[in-house]
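**Student:** Structure of the sequence below:
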Amino acid sequence: MCGKRIRQVIEEIRRYKIVVIVRGMEPELCSTLSEALYAGGIRLMEITFDQNGRIPFEKTKDAILTLSKMWKDKMQIGAGTVLSIQQLYMAKEAGAGYIVTPNTNPAIIREAKKLDMAVLAGAMTPSEIEEAYEAGADFVKLFPAAIVGTEYVRAVRAPLSHIPMLAVGGVNENNISDFLKTGVAGVGVGGNLVDPKLVMNRDYDKITALARQYVISAGVEEVVCPG
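**Tutor:** Purely as a prediction, here's the structure:
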């Protein structure tokens, strides 16, 4: 049985379809960025742990905590690139409702589910996809999706259509609808939407406009503006 928090995350992914990936961003910029994304209709945001150490894990934890308190149930905040149990616990302590991994690690998946956290686990081959799902992943993140293309996604989903999947990696405003037509439940979008240049230039209006374009292309009927 899934806990209440897991069910909420699952429902929102199916409803809003787009998980925005914020990678390598200074935590101080995340709050204003989240407001711009929310104004454009985004309701799921993933803050990734920087495995290179440029941004310390504690600062990422603080950013997740700030956003979790700021948005509560209005936006689902998750932790990305979770590669260790330590990072999993940090994400939980910060209030993340879900974790995202680039790989399939059954131990992390199972531990996250014990903590009532939804899991978006990375995989590519049919064997990895099945392993992630059997371990308890709520969605299997097909990564990197754009490199293999929609035909691969469609082909791999044919025998594994019972497994909820997301397409992540190289998804943009021009191909998002094509990926969703393969039957995936949603997509993950990173630098194609959260352009570091736009953030550094404080061009948040453009980020909001771009986010709205993604939401419309994804066929999300309700684009709710804050207020």
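**Student:** Could you use CA atoms for every contact and neighbour count after this?
**Tutor:** Fine.
**Student:** Quick one: end-to-end distance for stretch 45-53.
**Tutor:** One end of stretch 45-53 sits 21 Å from the other (Cα to Cα, to the nearest Å).
**Student:** who touches that stretch?
**Tutor:** Contacting residues not belonging to stretch 45-53 are listed as 19-24, 34, 55-57, 60, 63-64, 75-82, 87, 100 [Cα atoms under 8 Å, 6 or more residues apart in numbering].
**Student:** Point to the helix or strand of this protein where mean pLDDT is at its lowest.
**Tutor:** helix 196-200 (a mean of 92; mean pLDDT, DSSP states H and E).
**Student:** Dump the next helix or strand after that one to CSV, keeping only the CA atoms.
**Tutor:** Remark: after helix 196-200, the chain's next helix or strand is helix 204-217, criterion DSSP states H and E. Only the C-alpha atoms of helix 204-217 are listed here, as CSV (Å, rounded to 0.1, in the frame of the first residue of the first chain):
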residue,chain,number,x,y,z
TYR,A,204,12.1,35.1,-15.1
ASP,A,205,9.2,36.3,-17.3
LYS,A,206,10.8,34.4,-20.2
ILE,A,207,11.1,31.3,-18.1
THR,A,208,7.4,31.6,-17.2
ALA,A,209,6.4,32.0,-20.8
LEU,A,210,8.5,29.0,-21.8
ALA,A,211,7.1,26.9,-19.0
ARG,A,212,3.6,27.8,-20.2
GLN,A,213,4.5,26.7,-23.7
TYR,A,214,5.7,23.3,-22.4
VAL,A,215,2.5,22.9,-20.3
ILE,A,216,0.3,23.6,-23.4
SER,A,217,2.4,21.3,-25.6
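**Student:** for helix 204-217, what is the average pLDDT?
**Tutor:** The average pLDDT for helix 204-217 rounds to 97.
**Student:** Quick check: which ranges of the chain have low pLDDT?
**Tutor:** Within the chain, the segments meeting pLDDT under 70 span 1, 222-227.
**Student:** what sits against residue 121?
**Tutor:** 100-105, 109, 132, 137-141.
**Student:** Could you do residue 26 as well?
**Tutor:** Counted by Cα under 8 Å, 6+ apart, residue 26 has contacts residue 55.
**Student:** what do you get if the cut-off is 7 Å, keeping everything else the same?
**Tutor:** With contacts defined as Cα atoms under 7 Å, 6 or more residues apart in numbering, residue 26 has no neighbours.
**Student:** and if you look at residue 217?
**Tutor:** Taking Cα under 7 Å, 6+ apart, one finds 173, 176-177 in contact with residue 217.
**Student:** okay if I get those residues as JSON lines plus neighbour count, secondary structure and distance to residue 117?
**Tutor:** Shown next, in JSON lines, are the contacts of residue 217 (neighbours: other Cα atoms under 10 Å; DSSP: H, G, I helix; E, B strand; the rest coil; distance: Cα to Cα, whole Å):
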{"residue": "173", "neighbour count": "18", "secondary structure": "coil", "distance to residue 117": "29"}
{"residue": "176", "neighbour count": "22", "secondary structure": "helix", "distance to residue 117": "26"}
{"residue": "177", "neighbour count": "19", "secondary structure": "helix", "distance to residue 117": "28"}
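**Student:** for those, which one is nearest residue 192?
**Tutor:** residue 173 (8.1 Å; Cα to Cα).
**Student:** so how far is residue 44 from that closest one?
**Tutor:** Distance of residue 173 to residue 44, computed by Cα to Cα: 17 Å.
**Student:** repeat for residue 145
**Tutor:** 19 Å.
**Student:** Endpoint to endpoint, stretch 119-131 covers what distance?
**Tutor:** So stretch 119-131: terminal residues 13 Å apart, Cα to Cα.
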